[in-house]
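[1] Sequence and predicted model, in that order:
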Amino acid sequence: MIWDAFRPQSPQVHAIAGLFDGFLILAAVIFLIVAGLVGFSLVRYRARAGAADPRPTFGSRRIEIAWTAVPLLVVTVIFVFTVRTMAFVDAPREPGQPPDLVITGHQWWWEARYPNGAATANEIHIPVSRRLLARIESVDVIHDFWTPQLARKMDAVPGRPGYIWLEADAPGAFAGACAEFCGKQHAWMRFQVVAEPEAEFSAWLRHQAELPAEPTGAAAEGTRVFREQKCGDCHAVSAADVRAAKGPSLAHIATRNLLGGELPNTSVNLARWIASPQSIKPGNLMPDPNLTPAGVQALTAYLESLR
Ligand SMILES: [Cu+2]
């Protein structure tokens, strides 16, 4: 996973980085001029033995105009470039089109829903070189959705959705994080944006909305434990199940790279999570279930069949 805020990978972040670089150069030039003049004055006008006090300058209109006009000009340049960049980077606050996906912050995971019913957690797929309009929401507290290489930050404020363009220049998995302190597991509210060629993206999107295959063998035993443990009160297992979700959709969970936003999705980690989510992500909103080792094994087999 790439986690490099200094390597922009989208036109929007290129624009933001360009603004930053420009201002850095401007600030460096101003610094050199000011520091140079201070240095020059220190040497040229230093106190000399026997010299008289220098004559103070009062009420010089020329100097006052200069030290008003020059900063005004600098600030105007900064303002114009900032507004131009914002106009390019920002999605409209009230877009006249439906979003391509809805991203919802939960304590402490990210849900992504697509119009065809596909739902995923902490792993957001986008096509390469096509910007998607993402609507950013929250169901509990204020979170902040941030993929440093792909898009600006956007607060996820309950009841007040925001919009961003989500785009990537090249295929890859780009790291993201919640950027607004939101409680105990804030630091673990990680996610990945997976950018892939258009054909792969649309295949992924179609597949995620399909119903899972009927489980057989150990996996079928897992569905029984799943019902018995009421996992389904919080988790959907198919795209047809659209109840308001307390937990991530587990439909096609076996196709995902990560668990809990950070842990590689392997059999061992999946079993560890099912057995004791609290020991992995203390305080998260999934209570430790009371399972036998056989129950953990059956559930793991079941969830691994959800591909
Ligand atoms: Cu958060």
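    Cool, got the structure. Numbers count the residues shown, from 1 in each chain.

[2] what does the chain put close to the ion?
    Residues of the chain lying near the ion by CB under 5 Å from the ion: 143, 178, 182, 189. Where you see a C-beta, it was placed from the backbone N, CA and C, and this is true even at glycine.

[3] Any idea how many residues pack against the closest residue to the last one other than its chain neighbours?
    Put plainly, it is residue 189. Of all residues not flanking residue 189 in the chain, residue 178 sits nearest, at 3.6 Å (CB to CB, 6 or more residues apart in numbering). Burial measure for residue 178: 26 neighbouring residues, criterion other CB atoms under 10 Å.

[4] Enumerate every residue touching residue 178.
    By CB atoms under 8 Å, 6 or more residues apart in numbering, the contact set of residue 178 is 105, 108, 110, 143, 144, 145, 146, 186, 189, 190.

[5] Let's see that with 7 Å instead.
    105, 143, 144, 186, 189 (CB atoms under 7 Å, 6 or more residues apart in numbering).

[6] Residue 267 now?
    Residue 267 neighbours (CB under 7 Å, 6+ apart): 300, 304.

[7] Can you tell me how far it is from residue 273?
    Residue 267 is 11 Å from residue 273, where distance means CB to CB, to the nearest Å.

[8] what's the answer for residue 213, then?
    With CB to CB as the criterion, residue 213 and residue 273 are 22 Å apart.

[9] Now do the residue nearest to residue 189 against residue 103, distance only.
    11 Å.

[10] Quick one: the helices in the stretch 51-200 of the chain, in order.
    Here the stretch 51-200 of the chain has its helices, by DSSP state H, counting those that start in this stretch, at 61-89, 198-208.

[11] Show me the shaky parts of the chain.
    Residues of the chain meeting the criterion pLDDT under 70: 1-3, 242-244.

[12] Determine the longest helix present in this protein.
    helix 11-44 (DSSP state H).

[13] If you count neighbours, what's buried in it?
    11, 12, 13, 15, 16, 19 (16 or more other CB atoms under 10 Å).
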